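Asker: sequence unknown, structure follows:
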């Protein structure tokens with residue numbers, strides 16, 4: 001690993017950057033990534049490639065039974081059963097990028113090589129000095145620009161909603177919808193507990209930084225313009241986050257990495273059935289078992305980001 005201290009112009013003097021100035025450039029890389037992330041997530045109707053799938057489970061009523069001579073016993077009625085709805089609504093797309101070209105070996109900042117000479121940093125130097133720590137920060141699980149997270153509402157300060165369609169919905173049986181007077185009730189009568197949505201973290205304020213110098217085509221030193229320096233940093237971080245083994249960014253559900261936003265909770269009632277009867281007439285005695293019990297957590301799903 002070869003980290004360098006790029007040179008910059010301080011008034012009329014040429015100086016090596018401090019660790020603080022280098023950290024400011026790292027923060028600039030993170031900020032720039034937020035303008036055009038190379039790894040993006042979208043909400044899709046089905047077939048998402050961020051895996052594994054999420055499962056929403058809930059109870060539904062057992063089928064009603066009827067007799068002409070008496071009420072069906074509890075043992076004769078069907079038990080409530082579990083309905084499972086699978087969600088595969090998050091998809092990852094990686095930009096197709098080639099390695100940035102350093103045609104004249106002068107694309108990158110200049111530094112003292114330790115023997116009194118000035119030379120341009122290599123692509124590896126730029127990665128080790130700026131890009132590597134920026135990628136580490138991007139995947140640390142906090143709200144970094146251009147990364148994605150889950151939230152339980154359709155608005156979140158500092159973020160952009162990717163779609164008003166949920167990526168996961170937790171439902172449970174609506175026990176109040178089942179009545180003895182309604183036997184035979186519709187089996188599946190759900191109510192929504194919590195909706196979960198996909199967001200992208202916004203850039204925020206641009207961090208300040210000092211531009212280093214580079215060697216120009218005349219072999220003189222000149223300070224990067226803001227536009228050129230930002231363009232170089234953005235190209236580098238976009239390239240490495242999709243192409244460099246050990247530095248690519250990826251998302252998954254409940255795998256390795258750091259949590260991004262709210263856990264998506266699947267809950268279900270834990271009762272064994274609420275047996276009810278309905279007398280319709282002398283030839284129609286009905287019974288049915290409805291969902292009941294307390295809510296219990298079946299699973300919690302986290303969107304996670306990792307460097308792989």
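Answerer: Cool, the structure landed. Note that the structure is a prediction, hence the values are computed from the model and not measured. Numbers count the residues shown, from 1 in each chain.
Asker: could you say which helix or strand holds the closest residue to residue 190 other than its chain neighbours?
Answerer: Excluding its sequence neighbours, the residue lying closest to residue 190 (Cβ to Cβ, 6 or more residues apart in numbering) is residue 171, at 4.2 Å. The way it works is simple: take the backbone N, C-alpha and C, and place the C-beta from them, glycine included. Assigning secondary structure by DSSP states H and E places residue 171 in strand 168-173.
Asker: now that strand: average pLDDT?
Answerer: Across strand 168-173, the average pLDDT comes to 98.
Asker: which residues are contacting that strand?
Answerer: With Cβ atoms under 8 Å, 6 or more residues apart in numbering as the test, strand 168-173 has contacts from 54, 56, 58-61, 80, 85, 87, 89, 150, 188-196, 264-269, 290-291, 295, 301.
Asker: the same query, at a cut-off of 7 Å, please.
Answerer: 54, 56, 58-60, 87, 189-196, 264-269, 291, 295, 301 (Cβ atoms under 7 Å, 6 or more residues apart in numbering).
Asker: which elements pack onto the helix or strand that comes right after it?
Answerer: Using DSSP H and E, the next helix or strand after strand 168-173 towards the C-terminus is strand 190-201. On a contact count with 3 or more Cβ pairs under 7 Å, 6 or more residues apart in numbering; DSSP states H and E, strand 190-201 meets strand 148-151, strand 159-161, strand 168-173, strand 264-269.
Asker: mind putting those in a markdown table, mean neighbour count and distance to residue 229 included?
Answerer: Formatted as a markdown table, those follow (neighbours: other Cβ atoms under 10 Å; distance: least, Cβ to Cβ, whole Å):
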| stretch | mean neighbour count | distance to residue 229 |
| --- | --- | --- |
| strand 148-151 | 21 | 27 |
| strand 159-161 | 15 | 26 |
| strand 168-173 | 22 | 41 |
| strand 264-269 | 21 | 40 |
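Asker: make a markdown table from those and add distance to residue 204 to it.
Answerer: Converted to a markdown table, the helices and strands packed on strand 190-201 look like this (distance: least, Cβ to Cβ, whole Å):
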| stretch | distance to residue 204 |
| --- | --- |
| strand 148-151 | 14 |
| strand 159-161 | 11 |
| strand 168-173 | 27 |
| strand 264-269 | 26 |
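Asker: so residue 22: helix, strand or coil?
Answerer: helix (DSSP: H, G, I helix; E, B strand; the rest coil).
Asker: got the contact list for the closest residue to residue 22 other than its chain neighbours?
Answerer: Nearest residue to residue 22 in three dimensions, chain neighbours excluded: residue 129, at 6.4 Å (Cβ to Cβ, 6+ apart). Taking Cβ under 7 Å, 6+ apart, we find residue 129 in contact with 3-4, 22.
Asker: any chance you could map the helices in the stretch 51-200 of the chain?
Answerer: Along the stretch 51-200 of the chain, counting by DSSP state H, counting those that start in this stretch, helices occupy 123-126, 132-138.
Asker: Throw those into a markdown table and include mean pLDDT, thanks.
Answerer: Output for the helices of the stretch 51-200 of the chain, formatted as a markdown table (pLDDT from 0 to 100):
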| stretch | mean pLDDT |
| --- | --- |
| helix 123-126 | 97 |
| helix 132-138 | 98 |
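Asker: so for residue 228, which of those sits nearest?
Answerer: Checking the helices of the stretch 51-200 of the chain against residue 228 by Cβ to Cβ gives helix 123-126 as the closest, at 13.8 Å.
Asker: ok, residues contacting that closest one?
Answerer: 2, 4, 102, 108, 236.
Asker: same check, this time on stretch 32-46
Answerer: By Cβ under 7 Å, 6+ apart, stretch 32-46 touches 50, 88-95, 97, 138, 145-146, 148, 162-163, 165, 167, 198, 202-203, 230, 233-234, 237-238, 241-242, 249, 251.
Asker: just the buried residues from the contacts of strand 168-173, in ChimeraX please.
Answerer: Selecting only the buried entries of these in ChimeraX, with 16 or more other Cβ atoms under 10 Å as the criterion:
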select :54,56,58,59,60,87,189,190,194,195,196,264,265,266,267,268,269,291,301
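Asker: gap between residue 160 and residue 202?
Answerer: From residue 160 across to residue 202, the span is 6 Å (Cβ to Cβ, to the nearest Å).
Asker: let me redo that: residue 71
Answerer: Separation of residue 71 from residue 202 (Cβ to Cβ) stands at 61 Å.
Asker: also residue 149?
Answerer: Taking Cβ to Cβ, one finds residue 149 at 11 Å from residue 202.
Asker: hmm, residue 29 and residue 134 touching each other?
Answerer: Yes - shown here, residue 134 and residue 29 form a contact pair, counting by Cβ atoms under 7 Å, at 3.8 Å.
Asker: perfect, that will be all.
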